[in-house]
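Got a sequence here, can you model it:
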Amino acid sequence: MNRVFPGNPNGTLSDRIAYTVVTEFFPKADYYIDLHCGDGFEGLVSYVYCTGAATPEVAAKSREMAEIAHVDYLVTSMYGTGGAYNYAGSMGIPSILLERGHSSRWCEDLVAEDVHDVKNILRHLGVLCGKFHTHGEPPVEVSPVIYEDAPVSGCWYPAKQPGETFKEEEVLGKICDYFGCELFVYRAKMGGIILYQTISLCIMKDTPMVSYGTWDEEKQGKIELGCEVCGNKEHKHGHHHHKHGSDKHRNSKHENDKHHK
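Numbering: from 1, shown residues only. Prediction:
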């Protein structure tokens, strides 16, 4: 439904719900906070979007809200349609979207973080009583963001994980057929950091493949992570070819630790 805003009163059920939100709810809203997570087939690092396709005042208030969120990264979206928070921003409503959780999994801590962020932002806005607080440095801006869909169907072998960084032209993944023959290799169009990507082996043509924000390893540091599936810090899940032998392993590390909580 988030893809059909502002909706259509004569369209599908999703169209009609979106239209009702836009016409009945948004005119009464002073601020808008949207809570999202990665799909069942997506890995994702926690981050926040703020609307940029709005008046300077609305964009500034949206960023102010986003910078209070207890996440590592921030994306300024320059789209005014297609999503609920984008469209709310175009209507003059300061809006953000929080991304937490992935792979159809959840835990009490992630729920508590979302609740904490919403209440803390509402205290900052004066909607709730009490004093708001910040969490050290604000999220790191990683705009602009590149979103890539798969050009073919097949077996997807990502070379990075959400939260890892890379340089321009590095291979971020490849798609092979069932016999291991390469169908497509994707190389980064800029230095970046993975925000989310498909993590299932199966990938279908024209469905989300990888999304990454702007990152300069020379200035901001390189981030490498261990396997998020098995927890092994000595191999990197998702690589098409694994190297064996202790001398070939690379340890997980955060060279720019101040940005990672």
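
In terms of helices and strands, where is residue 210?
Secondary structure from DSSP states H and E places residue 210 in strand 208-214.

Can you tell me the strand partners of that strand and which way each runs?
If you go by DSSP bridges, strand 208-214 pairs up with strand 145-149 (antiparallel), strand 192-198 (antiparallel).

Go through those and name the closest to residue 215.
Residue 215 lies closest to strand 192-198 among the strands paired with strand 208-214, at 4.1 Å (Cβ to Cβ). In short, each C-beta sits where N, CA and C put it, glycine included.

after the strand holding residue 210, next one along is what?
helix 217-220.

Could you tell me how many residues sit around residue 130?
For residue 130, the neighbour count with other Cβ atoms under 10 Å is 10.

picking that back up, could you check how far the strand holding residue 210 is from the centre of its chain?
8 Å (Cα atoms, centre = their mean, to the nearest Å).

next one: stretch 87-103
Taking the mean of its C-alpha atoms, stretch 87-103 sits 12 Å from the chain's own mean (Cα atoms, centre = their mean).

re the thing from before, could you export the strands paired with strand 208-214 as CSV, including mean pLDDT?
Conversion of the strands paired with strand 208-214 to CSV gives the following (pLDDT from 0 to 100):
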stretch, mean pLDDT
strand 145-149, 97
strand 192-198, 98
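
Mean neighbour count, these: which tops it?
Stretch with highest mean neighbour count among those: strand 192-198 (a mean of 25; mean count of other Cβ atoms under 10 Å).

residues in contact with it?
Residues from elsewhere that reach strand 192-198, judged by Cβ atoms under 8 Å, 6 or more residues apart in numbering: 38, 41-45, 47, 73, 75, 99, 102, 142, 145-146, 150, 156, 158, 160-166, 172-173, 207-215, 223.

Now that strand - C-alpha only, CSV.
Taking Å, rounded to 0.1, in the frame of the first residue of the first chain, the C-alpha atoms of strand 192-198 are listed here in CSV:
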residue,chain,number,x,y,z
GLY,A,192,28.6,3.4,-0.5
ILE,A,193,27.1,1.5,2.4
ILE,A,194,24.5,-1.2,2.1
LEU,A,195,21.2,-0.1,3.6
TYR,A,196,19.2,-3.1,2.5
GLN,A,197,19.3,-5.9,0.0
THR,A,198,17.7,-9.2,-1.0
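
Would you give the sheet partners of the following helix or strand past that strand, along with the direction of each?
Along the chain past strand 192-198, the next helix or strand (assigned with DSSP H and E) turns out to be strand 202-203. Using DSSP bridges, the strands paired with strand 202-203 are strand 154-158 (antiparallel).

So what touches the strand it pairs with?
Under Cβ under 8 Å, 6+ apart, the answer for strand 154-158 is 150, 172-178, 183-184, 197-203, 209-210, 238-240.

can you map out the helices along the stretch 51-200 of the chain?
Secondary structure of the stretch 51-200 of the chain (DSSP state H, counting those that start in this stretch): helices at 56-68, 84-90, 108-125.

Who are the contact partners of residue 52?
Going by Cβ under 8 Å, 6+ apart, the list of residues near residue 52 reads 59, 62, 76-78, 89, 143.

Which of these are buried? Put it as a PyMOL command.
A single PyMOL command selects the buried members of the contacts of residue 52 (16 or more other Cβ atoms under 10 Å):
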select buried, resi 59+62+76+77+89
